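Visitor: I'd like to go over a predicted model; first the sequence, then the structure.
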Amino acid sequence: MVRGCRPRLFVYDLPDAYRQDHRGLRPRMPCTSITFPGLPCDDLYAAASSDFGDLSELFYQRSLAFRCRTRDAEDADLLFVPAFRAGLPQKRPVCAEASSQARSTRPASPSAALFARLVRQQRADSSSAALRHVLRHLFLFPRPGLAFEALGPQLCELNLWDDQWGNATRLAIEERANFSYPTPVVQNQGGRPHHLVLTRWDARPIAGLSSIPYASSVHLGNSSRSWRCPPWQSRHERQTLVACMLGSRMRSNNALAGVAVLRSRLGQSCKAAGAATCTFGELRANGTHTNARAMGAVLHAYWTSTFCLQPGGDTVTRKGIVDSLLLGCIPVLFQRGQLLQWPWHWGAWVEQATVHIDETDVLLGRVDPVYLLRSIPPARVAEKQAAIARHAHRMHYAAVDTAQLPLPAQRGYHGSTDAFEIALHGAWRRAEALEAREPSYTNQ
C-alpha cells in the first residue's frame, strides 16, 4: 500500500461462489472490443451488456488492485465484503457454502457462515465472535434496489437487509429519492374519444442505499494513445443532432405503461425529424444482453450525435446515460428521479451537462423533444459540452488503478479520480460522519 494513501481498503477473502451473475455464474468482464472510424484511442469499448454483473466484477477487480488496499482489517477505513448476486431474488436462494446437499436447503441462520468468515479474517488472533467496525463495512448490491429486489437474501449466506449489518454502506445502481413515474390511463367517458390521464407510480428504490453509476461500455486502460484525447473531451464534428436508441423489450404492465408511451413518443419525434437530424435505433435485446454489433451501433450513434435521448426503462436510470456522457453526447433526461441519482459522482454538475425535458409534457403532446433541442442556442450547447469535458471522468471506471494510468490521463482527469475511487471516498465520508455523530459506532 502507498504510504499515506486513503481511504485504506480491506477486502475480505471469500470463495468465488460468493460472486454470481444473474445466472448463478461467476461474473466476467466483457472482453470484446468495439471500434469505428474517428476514435482517438485503442481498445476503448468493451462489448458490455446491461447485465449488472459487469459492475460487480469490475468493482471487485478494482478493489483487489487498489493502491490503498491494506491487509490489516484494524487499519482499514473501509472493509469490502465481495459477496453479491446480480440476479433477482429467488424463492430458494442459491448458496455459496458447503456441499451440494447443503445448498438444497436454506440454513437456519442465513448470514451465519459468512459472518463467521468475516470475524475470522478480521480478528484472527481473537476468540471473540463479535464483528468490529460494522459501520465501515461496504457491500455492493449490483441492481437498482427496487422494493421487490429486497424481498429475500441475495445468497443463502447474505441478506443485506439483516439488522446485524447495521448502518454499513450498501452501494447500488439507484438510491431512494423523492420521485415517481407517470402512468397514463386511457379513459372513455360517455362515449367520447379516449384521452390520456396521468397517475403516478412510486418507482423509488428502498431506503438505505447509496447510488453509483453503471459500468459503461467505456473503460480506458494504460494505453498512452487512449489518453491523448479522452472521448468525452473530443471536439470532432457530430453529424447528427439527436440520437434516439431505445430497447424494444419494455414490458407492457400498468406500472410501466408510462415508460412505454414515453419511448413511443420519442421515437415518433425522431422519425418525424428525419434521419439527417435524428438517428433512430430500436434494440432487440436477448434478456439483459445486447450483442456486440448492436452495442456498436448504439455507441456510434452517441459518438456522432450532439444530444442523446435517455428515458428511463424498467427503472429510472439506464446505462446509456453514462455511455453518452463518456462519448461526449449531451444526455437528455426526462424523469426528475434521473437528476437525483449518483450524487457523489455528478450531483454538483448534472444540470450543467444535461438537458431536462419534463416527461409529462412529452406524454401529453405539449412538447416535441427534437424540435425543442433544435431551438437550444449553439452557445448553450457549447457550455454543456465543456461541462462534460471537465467532469465526465467522474462517471468513468478506468480498467486499471488510476495510479497506473499514463501521464496524459492527468489532463483527462483534471487531478481528480474515477467513478470507482469516488464511490470509495463517498462511502468513507459517510462512515466518518456517522461515527462522529454516534461515537458508539466506532467499535461495533
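Guide: Cool, the structure landed.

Visitor: check which helix or strand Q61 maps to.
Guide: Using DSSP states H and E, Q61 maps to helix 53-65.

Visitor: who are the packing partners of that helix?
Guide: strand 9-11, strand 19-20, strand 137-141, helix 419-437 (3 or more CB pairs under 8 Å, 6 or more residues apart in numbering; DSSP states H and E). In short, each C-beta sits where N, CA and C put it, glycine included.

Visitor: report the distance from the shortest one to the chain centre.
Guide: A distance of 17 Å separates the C-alpha centroid of strand 19-20 from that of its chain, computed with CA atoms, centre = their mean, to the nearest Å.

Visitor: and that strand, which strands flank it?
Guide: If you go by DSSP bridges, strand 19-20 pairs up with strand 84-85 (parallel).

Visitor: name the helix or strand of the protein that has the lowest mean pLDDT.
Guide: helix 100-103 (a mean of 41; mean pLDDT, DSSP states H and E).

Visitor: next secondary structure element downstream of that helix?
Guide: Next helix or strand after helix 100-103 toward the C-terminus (DSSP H and E): helix 112-122.

Visitor: just to revisit the earlier point, list the buried ones in the helix holding Q61?
Guide: Neighbour counts over helix 53-65 (16 or more other CB atoms under 10 Å) mark 53-63 as buried.

Visitor: so can I have a markdown table of those showing distance to G267 and pLDDT?
Guide: Below are the buried residues of helix 53-65 laid out as a markdown table (distance: CB to CB, whole Å; pLDDT from 0 to 100):
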| residue | distance to G267 | pLDDT |
| --- | --- | --- |
| G53 | 29 | 59 |
| D54 | 27 | 79 |
| L55 | 28 | 87 |
| S56 | 32 | 88 |
| E57 | 33 | 86 |
| L58 | 32 | 89 |
| F59 | 34 | 93 |
| Y60 | 37 | 93 |
| Q61 | 37 | 91 |
| R62 | 37 | 94 |
| S63 | 40 | 96 |
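
Visitor: surely P406 and G221 touch.
Guide: No. Applying CB atoms under 8 Å, one finds P406 not in contact with G221, separated by 9.5 Å.

Visitor: okay, and the beta partners of the residue nearest to A297 when sequence neighbours are not counted?
Guide: Closest residue in space to A297, ignoring its immediate chain neighbours: G281 at 5.9 Å, by CB to CB, 6 or more residues apart in numbering. Assessed by DSSP bridges, G281 has beta-bridge partners M245.

Visitor: which residues does G281 contact?
Guide: 243-246, 297-298, 301 (CB atoms under 8 Å, 6 or more residues apart in numbering).

Visitor: on that earlier part again, got the buried residues of helix 53-65 as TSV, with distance to E432 columns?
Guide: Shown next, in TSV, are these (distance: CB to CB, whole Å):
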residue	distance to E432
G53	31
D54	30
L55	25
S56	25
E57	28
L58	25
F59	21
Y60	24
Q61	26
R62	22
S63	19
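
Visitor: let me know the closest of the residues you listed to D418.
Guide: R62 (8.8 Å; CB to CB).

Visitor: per-residue pLDDT, the most centrally placed residue in the chain?
Guide: Centroid-nearest residue in the chain: Y214, 2.2 Å away (criterion: CA atoms, centre = their mean). pLDDT, Y214: 93.

Visitor: thought it was touching S324?
Guide: No. Counting by CB under 8 Å, S324 is not a contact partner of Y214; they are 11.6 Å apart.

Visitor: following the helix holding Q61, which helix or strand comes up?
Guide: Next along from helix 53-65, by DSSP H and E: strand 78-80.

Visitor: mind listing what's buried in stretch 144-162?
Guide: Per 16+ other CB under 10 Å, stretch 144-162 contains these buried residues: 144-146, 149-150, 152-160.

Visitor: could you single out the nearest of those residues to V370?
Guide: Using CB to CB, the buried residues of stretch 144-162 come closest to V370 at P144, 28.3 Å.

Visitor: show me the contacts for the closest one.
Guide: 172-174, 205, 314-317.

Visitor: quick check on it: phi, psi?
Guide: phi -60, psi -20 (degrees, to the nearest 10).

Visitor: where along the chain do the helices fall?
Guide: Using DSSP state H, the helices of the chain run over residues 53-65, 100-103, 112-122, 257-273, 292-303, 319-326, 336-339, 343-346, 350-353, 359-363, 369-374, 378-391, 408-413, 419-437.

Visitor: just those helices: most buried one?
Guide: Mean neighbours per residue, mean count of other CB atoms under 10 Å, is largest over those for helix 319-326, with a mean of 27.

Visitor: hang on, the earlier thing: make a markdown table out of the contacts of G281 and add distance to A86 and pLDDT.
Guide: Converted to a markdown table, these look like this (distance: CB to CB, whole Å; pLDDT from 0 to 100):
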| residue | distance to A86 | pLDDT |
| --- | --- | --- |
| A243 | 27 | 98 |
| C244 | 28 | 97 |
| M245 | 23 | 95 |
| L246 | 23 | 90 |
| A297 | 25 | 86 |
| V298 | 21 | 90 |
| A301 | 27 | 94 |
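
Visitor: which among the residues you listed gets closest to C329?
Guide: Among the contacts of G281, and counting by CB to CB, the member closest to C329 is A243, at 6.6 Å.

Visitor: okay, now the closest residue in space to L325 that isn't next to it in sequence: neighbour count?
Guide: Excluding its sequence neighbours, the residue lying closest to L325 (CB to CB, 6+ apart) is A392, at 4.7 Å. Neighbours of A392 under the rule other CB atoms under 10 Å: 24.

Visitor: residues in contact with A392?
Guide: If you count contacts by CB under 8 Å, 6+ apart, then A392 has 232, 325-326, 328, 353 around it.

Visitor: how near is it to L326?
Guide: 6 Å (CB to CB, to the nearest Å).

Visitor: joint contacts of the two?
Guide: Each of W232 lies in contact with both A392 and L326 under the rule CB under 8 Å, 6+ apart.

Visitor: need the nearest residue in space to S211, chain neighbours excluded.
Guide: E175 (3.9 Å).

Visitor: for that neighbour, phi and psi?
Guide: Here is the backbone geometry of E175 (degrees, to the nearest 10): phi -130, psi 160.

Visitor: hang on, it packs against S210?
Guide: Yes. Between E175 and S210 there is a contact under CB under 8 Å: 5.8 Å.

Visitor: which one of the two has more residues nearby?
Guide: The neighbour comparison of E175 against S210 (other CB under 10 Å) goes to E175, with 24 against 19.

Visitor: my read: C244 touches C270, true?
Guide: Yes. Assessed by CB under 8 Å, C244 is found in contact with C270 at 3.9 Å.

Visitor: what touches both of these two?
Guide: In contact with both C244 and C270: 278-280, 309, using CB under 8 Å, 6+ apart.
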